[in-house]
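Q: Here you go, sequence then predicted model.
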Amino acid sequence: MARVVCIHGVGQQHAGERALHAAWYPALMDGMARAGASSVLGPDDVRCVFYGDLFRPPGRTLALQDPPLDASDVTDGFEAELLLEFWAEAARTDGAVVPPDARTLVRTPRGVQRALNALSRSRFFAGVAMRGLVLDLKQVRAYLCDPSVRETVQQRVAATVSEDTRVVVGHSLGSVIAYEALCAHPEWQVRALLTLGSPLGIRNLVYDRLRAADGTKPGDRPGNVDRWTNIADEGDVVALVKDLRPLFGDRIDSHLVHNGAKAHDATRYLTTAEAGRTVADGCSFD
């Protein structure tokens, strides 16, 4: 039974539970070492929830790849608005990105193309194909706006968390999934929530769409969690709002870290002492 349950973010449709575990487990152990934890977790103490297959295109006769998406595939409303938020944040943190202005019509194909072109110059999105970015937008929308996708993901989390689970780790969209799962299951004995590169603070598009359990509302403390640690890199565009305390309360331990060129990378977050300390404390390690 897993003492630590980890939930990935978008862009993992070509991975799997074991592949994620192979990357996340050693990073988590390194973070605990940086924190000076005297005890360690065994491989079987950590499990990764996987839902990326829900977004993987059907197989083909030849090589499988992301669908050939472009600016015309970005839908009005949620996807276009989230793209504009990412553009504005990338421009704030990266001088190479031309900022949007009042004349930007992001809801038109031309405006969306301008946003994608600007983000292609960003350090944050370096090496990310634009079709991949469009697909990421669609994955976020699917979870937050499609009840069937949301329910399937939440069922997978519930099937992984056990009576032994003490820490839940959520990266990127996984932090949204983790928060909702803990709110929905106050009976779980999870002590600590660790959110990494989280978009939970994006008010209109994410926070206001959180599904609260009966008797709760977005912003309430999730479940039985005693300690909630949120870690963000200043250059992480997805973690648009770095400090979650104005929306979720002052009891969140908030930290800014430096992940280098890969600001949003889950393993770089996990290797920090701040992440390691949260996991160690949650599992009652020294």
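A: Here it is on my side, so go on.
Q: Helices along the stretch 151-286 of the chain, start to end?
A: All helices of the stretch 151-286 of the chain, identified by DSSP state H, counting those that start in this stretch, fall at 173-184, 245-248, 266-270, 273-282.
Q: Rebuild the ones you listed as TSV, extending it with distance to Leu200, mean pLDDT and mean neighbour count.
A: (C-beta placed from N, C-alpha, C; glycine too.) Below are the helices of the stretch 151-286 of the chain laid out as TSV (distance: least, CB to CB, whole Å; pLDDT from 0 to 100; neighbours: other CB atoms under 10 Å):
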stretch	distance to Leu200	mean pLDDT	mean neighbour count
helix 173-184	6	97	25
helix 245-248	7	96	16
helix 266-270	15	98	24
helix 273-282	16	96	24
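Q: Just tell me which of those ends up closest to Ala2.
A: helix 273-282 (12.2 Å; CB to CB).
Q: What residues does Phe50 make contact with?
A: 8, 12, 15-17, 20, 156 (CB atoms under 8 Å, 6 or more residues apart in numbering).
Q: Identify, by residue count, the longest helix of this structure.
A: helix 17-34 (DSSP state H).
Q: could you say what helices and strands it packs with?
A: strand 4-7, strand 46-49, helix 266-270, helix 273-282 (3 or more CB pairs under 8 Å, 6 or more residues apart in numbering; DSSP states H and E).
Q: among the ones you listed, which is nearest Gly132?
A: Once those are compared by CB to CB, helix 266-270 is nearest, at 16.2 Å.
Q: Contacts for stretch 274-282, please.
A: 4, 28, 30-35, 37, 39, 41, 166-167, 169, 190-192, 194, 196, 227, 229, 231, 253, 255, 257, 269-270, 286.
Q: Just the buried ones among the residues you listed, please.
A: Buried members of the contacts of stretch 274-282, counted by 16 or more other CB atoms under 10 Å: 4, 28, 30-32, 35, 37, 41, 166-167, 169, 190-192, 194, 196, 227, 229, 231, 255, 257, 269-270.
Q: Show the residue spans covered by the strands in the protein.
A: Taking DSSP state E to define them, one finds strands in the chain at 4-7, 46-49, 167-171, 192-196, 227-233, 252-257.
Q: Would you mind putting the ones you listed into CSV with mean pLDDT and distance to Tyr179 alongside?
A: Shown next, in CSV, are the strands of the chain (pLDDT from 0 to 100; distance: least, CB to CB, whole Å):
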stretch, mean pLDDT, distance to Tyr179
strand 4-7, 98, 10
strand 46-49, 98, 14
strand 167-171, 98, 7
strand 192-196, 98, 7
strand 227-233, 97, 9
strand 252-257, 97, 11
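Q: could I get those as a markdown table with distance to Glu85?
A: Shown next, in a markdown table, are the strands of the chain (distance: least, CB to CB, whole Å):
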| stretch | distance to Glu85 |
| --- | --- |
| strand 4-7 | 22 |
| strand 46-49 | 26 |
| strand 167-171 | 19 |
| strand 192-196 | 18 |
| strand 227-233 | 15 |
| strand 252-257 | 19 |
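Q: give me the number of residues near the residue nearest to Gly11 when sequence neighbours are not counted?
A: Among residues not flanking Gly11 along the chain, Asp136 sits closest, at 5.5 Å (CB to CB, 6 or more residues apart in numbering). Neighbourhood size, Asp136 [other CB atoms under 10 Å]: 25.
Q: is it true that Asp136 touches Val10?
A: Yes: counting by CB atoms under 8 Å, Asp136 does reach Val10; the two are 4.4 Å apart.
Q: How about the contacts made by the spatially most central residue of the chain?
A: Centroid-nearest residue in the chain, with CA atoms, centre = their mean: Ser172, separated by 1.0 Å. Applying CB under 8 Å, 6+ apart, we find Ser172 in contact with 8-10, 196-199, 238, 264, 266.
Q: Good, wrapping up.
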